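Visitor: No letters, just coordinates:
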DNA sequence: TCGAATTAGTGAATAATTTCACGACATTTT
DNA sequence: AAAATGTCGTGAAATTATTCACTAATTCGA
């Protein structure tokens, strides 16, 4: 719910990762796991993992480790895995299509409800079970959806963003290179594929071997 | 080139972003820019920007700001924009195709030279000017390429990784959810689309309005 | 049952990053 | 030419994040 706050942001960013790992362990039938094992598998320092978990209380048992099922159940609640968050996607290009085909609902509390595109040829298609509407219908189709994935050409980014905000969207996962401008109450996370690639190359050249970025 | 080190990693991660912004300003014909203007456009605190730039020396002028052309030229050298880094891509699904169609060579020092896939139907195609080969030919085709983009199904991730490392790859941009294991000298950057979406939703729920993540 | 081994939780130290706030200098205005 | 304004560069403070290293609890093996 609101903010039981004071979980560090760095920790919050790792939670979905922890969740998925625990889920995998559970599927594999593992009953217990230690911070050391998690550390090896996820490449995160074991002290960091223990510290992260400790923000939620004493979840493990000394000399034993963590009970996978218990921990998983705990994270499920913490991450609100029980209620599904509806999401829309704007821009059904290759990247958008990748998202539509990706079955998020498995292991995930999000579900892409519908997609929009400006290309009439795409309208009416159903991709990964998700219908594609024309962008002109955005305002009339949208109801109570607060999260949007933005995979449109960079030139359209700000314009579409303004319309999304107008429709009540308060969270945007932005894959365009544009640093979009939004009101205070709207959260934007940027993922810039070109920057990521360039960043990797820079790190390879200037930070020879060892630590993980 | 090795390490003129001591540029903080956080700064290094922002460099490609700075570069692209300056490039845009240059294209728009702007001659000067202040840290305040950059701050507004990129949503990064102006003091952080000045601090970042200062690691490279005194690049600006008091009371004036920064000369766009000079700064751009400086970053071009710093980011080795002049030499092109060849890259290969493994896995020509929707996400992989998005990369192939993305024209990285524009504004970028990287170029995807070839792609590989296990599906014979895709072999021989040319997507975004990049030829698709069969994954079996990986070892014989690869020569002197040190960077790979991994957009394969999660089940293939570790196996392909091992082969890439064997071929001399030292940097991998991993889009699979697998936390792949590599030797010490290989750098891996993970981008996990499901985690990013889930993370956005978590932040929306637990960190009400204001700061950017 | 006992001793050795394991492992969580955490105070304290360290490291990394961001932000404040101000002096110095350049530009612009009058 | 002087005053007002703008803006960088940076020491210092604040904040955030990671890691060390130890204690106490538990498990495991014989």
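Guide: Here it is on my side, so go on. Remember, it's a predicted structure, so these values are computed and weren't measured experimentally. Numbers count the residues shown, from 1 in each chain, chains lettered A, B, ... in the order given.
Visitor: pLDDT value on the closest residue to residue A:31 other than its chain neighbours, please?
Guide: Closest residue to residue A:31 apart from its sequence neighbours, by Cβ to Cβ, 6 or more residues apart in numbering or on different chains: residue A:68 at 5.9 Å. Just so you know, the C-beta spots here come from the backbone N, C-alpha and C atoms, and that holds for glycine as well. In this model, residue A:68 is scored at 97, pLDDT.
Visitor: surely residue A:68 meets residue A:23?
Guide: No. The criterion here is Cβ atoms under 8 Å, and residue A:68 misses it with residue A:23 at 9.2 Å.
Visitor: Mind jotting down where the strands sit in chain A?
Guide: With DSSP state E as the criterion, chain A has strands at A:32-33, A:66-67, A:85-90, A:110-117, A:126-127, A:130-134, A:147-150, A:171-174, A:187-190.
Visitor: can you redo these as JSON lines with mean neighbour count?
Guide: As requested, the strands of chain A are arranged in JSON lines below (neighbours: other Cβ atoms under 10 Å in any protein chain shown):
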{"stretch": "strand A:32-33", "mean neighbour count": "18"}
{"stretch": "strand A:66-67", "mean neighbour count": "20"}
{"stretch": "strand A:85-90", "mean neighbour count": "22"}
{"stretch": "strand A:110-117", "mean neighbour count": "21"}
{"stretch": "strand A:126-127", "mean neighbour count": "14"}
{"stretch": "strand A:130-134", "mean neighbour count": "18"}
{"stretch": "strand A:147-150", "mean neighbour count": "26"}
{"stretch": "strand A:171-174", "mean neighbour count": "23"}
{"stretch": "strand A:187-190", "mean neighbour count": "20"}
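Visitor: can you list the residues of chain A near DNA strand C?
Guide: Residues of chain A lying close to DNA strand C by Cβ under 7 Å from any atom of the strand are A:33-36, A:46-47, A:50-51, A:53-54, A:58-66.
Visitor: which of residue A:68 and residue A:23 has more neighbours?
Guide: residue A:68 (21 against 18; other Cβ atoms under 10 Å in any protein chain shown).
Visitor: Give me the distance between that one and residue B:186.
Guide: Residue A:68 sits 30 Å away from residue B:186, going by Cβ to Cβ, to the nearest Å.
Visitor: now do residue A:195
Guide: Applying Cβ to Cβ, the value for residue A:195 to residue B:186 is 21 Å.
Visitor: now swap in residue A:178 and tell me
Guide: Relative to residue B:186, and taking Cβ to Cβ, residue A:178 is found at 33 Å.
Visitor: hang on, the earlier thing: want to try a markdown table for the strands of chain A, with distance to residue B:79 as columns?
Guide: Formatted as a markdown table, the strands of chain A follow (distance: least, Cβ to Cβ, whole Å):
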| stretch | distance to residue B:79 |
| --- | --- |
| strand A:32-33 | 41 |
| strand A:66-67 | 43 |
| strand A:85-90 | 31 |
| strand A:110-117 | 34 |
| strand A:126-127 | 37 |
| strand A:130-134 | 38 |
| strand A:147-150 | 26 |
| strand A:171-174 | 23 |
| strand A:187-190 | 19 |
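Visitor: Show the contacting residues for residue A:149.
Guide: Contacts for residue A:149 (Cβ atoms under 8 Å, 6 or more residues apart in numbering or on different chains) come out as A:87, A:88, A:89, A:90, A:96, A:99, A:112, A:172, A:173, A:175, B:197.
Visitor: can I assume the second one is in contact with residue A:111?
Guide: By that I understand residue A:88. No. Applying Cβ under 8 Å, one finds residue A:88 not in contact with residue A:111, separated by 10.3 Å.
Visitor: List the buried residues for stretch A:43-58?
Guide: Buried residues in stretch A:43-58, counted by 16 or more other Cβ atoms under 10 Å in any protein chain shown: A:44, A:49, A:50, A:52, A:53, A:56.
Visitor: Which members of these are positioned in helices?
Guide: Per DSSP state H, helices hold the following members of these: A:49, A:50, A:52, A:53.
Visitor: Output those of these also counted as contacts of DNA strand D.
Guide: Here is what survives when these are matched to DNA strand D using Cβ under 7 Å from any atom of the strand: residue A:50.
Visitor: Max pairwise distance over the ones in helices among the buried residues of stretch A:43-58: which two?
Guide: Farthest apart among these by Cβ to Cβ are A:50 and A:52. That separation is 7.3 Å.
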